[in-house]
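Colleague: sharing a sequence plus its predicted fold:
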Amino acid sequence: MLNIGTSALGTTQASLATTSHNISNVNTDGYSRQRVDQGTQLPNFQGGYYVGSGVTVTAVERLYDNFLSDQVRTYTSQESQQGTFAAFSQQVDDLLGTPALAINDGMNAFFGSVHEVANDPTLLAARQVMMTEGELLADRFNTLDSQLDNLDSQIDNMLSVSIKDVNNIAKGIADLNEAIIAATTSDGANPNDLLDQRDLLINQLSEIVSVKTLKQDNGAIN
């Protein structure tokens with residue numbers, strides 16, 4: 001009876017510790033709630049019958065859905081991709097739509113002045129207006145070219161930063177893979193908090209590039 005009572009106390013203590021752990025990490029980014037699974041201990045054989053020997057903790061389970069996580073990563077990557085594309089497209093649209101740089105207005109003004117010269121080639125004022133409109137049109141093209149070059153530079157800088165971020169996150173995932181492999185027990189008990197940290201890094205990686213994961217038999221993630 002004392003052994004059975006001790007097993008119940010030990011199991012309850014593990015449940016309380018897990019509950020406290022859940023509460024204390026309620027605001028921890030990437031944390032997955034954990035739950036204690038209980039099972040009966042092996043019974044004792046006494047003569048012609050078995051006598052129960054109490055309860056034990058069979059596992060501390062992480063409440064985690066792989067399918068939903070994969071969906072979140074897929075949609076996160078798509079949203080990030082479309083968001084970046086939309087941001088730069090908006091800059092190009094604003095640039096081309098600026099009245100001072102509008103190509104259509106500049107072309108219309110230039111060819112209008114050409115038409116005036118064609119009507120009276122000897123008119124000095126008309127030829128001067130045509131030259132001025134040509135210079136203004138050339139300035140529009142040069143300004144647009146300079147602004148588009150700036151956008152190219154912004155994209156190149158973003159790519160450089162993203163590459164560094166990808167490398168840092170990938171190294172973090174690799175380090176956690178090693179730690180998880182080392183901490184996983186022979187009977188398959190997983191270090192839940194390390195798994196949460198690795199999943200958080202994978203989610204962060206999906207904000208930069210498209211991510212697909214493949215779990216290995218040893219607990220690592222490719």
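Modeller: Received, thanks. Residues are numbered from 1 along each chain as shown.

Colleague: rest of the way, CA atoms for contacts and neighbours
Modeller: Noted.

Colleague: hmm, which helix or strand of this structure has the shakiest average pLDDT?
Modeller: Of all the helices and strands that make up the chain, the one with the lowest confidence by mean pLDDT, DSSP states H and E is strand 44-46; it has a mean of 83.

Colleague: which other helices and strands contact that strand?
Modeller: Taking 3 or more C-alpha pairs under 8 Å, 6 or more residues apart in numbering; DSSP states H and E as contact, the helices and strands that strand 44-46 lies on are strand 49-51.

Colleague: just to revisit the earlier point, and the contacts of the least confident helix or strand of the chain?
Modeller: By C-alpha atoms under 8 Å, 6 or more residues apart in numbering, the residues outside strand 44-46 that reach it are 50-53.

Colleague: over to stretch 103-110?
Modeller: For stretch 103-110, using C-alpha under 8 Å, 6+ apart, the contacting residues are 96, 99, 130, 133-134, 136-137, 140-141.

Colleague: from those residues, which would you call buried?
Modeller: Neighbour counting with 16 or more other C-alpha atoms under 10 Å marks 130, 133-134, 136-137, 140-141 as buried within the contacts of stretch 103-110.

Colleague: in strands, which of the residues you listed appear?
Modeller: With strands taken from DSSP state E, there is no overlap with the buried ones among the contacts of stretch 103-110.

Colleague: possible to save those as CSV with pLDDT and distance to Thr19?
Modeller: Rendered in CSV, the data for these read as follows (pLDDT from 0 to 100; distance: C-alpha to C-alpha, whole Å):
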residue, pLDDT, distance to Thr19
Met130, 92, 81
Glu133, 91, 76
Gly134, 93, 76
Leu136, 91, 72
Leu137, 90, 71
Arg140, 89, 66
Phe141, 91, 66
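
Colleague: which of those fall within helices?
Modeller: Among the buried ones among the contacts of stretch 103-110, the members falling in helices are 130, 133-134, 136-137, 140-141 (criterion: DSSP state H).

Colleague: just the contacts of stretch 103-110 now: which is nearest Glu207?
Modeller: The closest of those to Glu207 turns out to be Leu96 (C-alpha to C-alpha; 29.4 Å).

Colleague: for that closest one, give its distance to Ala87.
Modeller: 15 Å (C-alpha to C-alpha, to the nearest Å).

Colleague: so which of the contacts of strand 44-46 wins on neighbours?
Modeller: Ser53 (17 neighbours; other C-alpha atoms under 10 Å).

Colleague: quick one on the thing from earlier: now distance to Arg35 too, for the ones in helices among the buried ones among the contacts of stretch 103-110, in a markdown table please.
Modeller: Supplementary listing: those in a markdown table, determined by distance: C-alpha to C-alpha, whole Å:
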| residue | distance to Arg35 |
| --- | --- |
| Met130 | 80 |
| Glu133 | 75 |
| Gly134 | 75 |
| Leu136 | 72 |
| Leu137 | 70 |
| Arg140 | 65 |
| Phe141 | 65 |
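
Colleague: nearest to Thr213 among those residues?
Modeller: If you rank these by distance to Thr213 using C-alpha to C-alpha, Phe141 comes first, at 46.7 Å.
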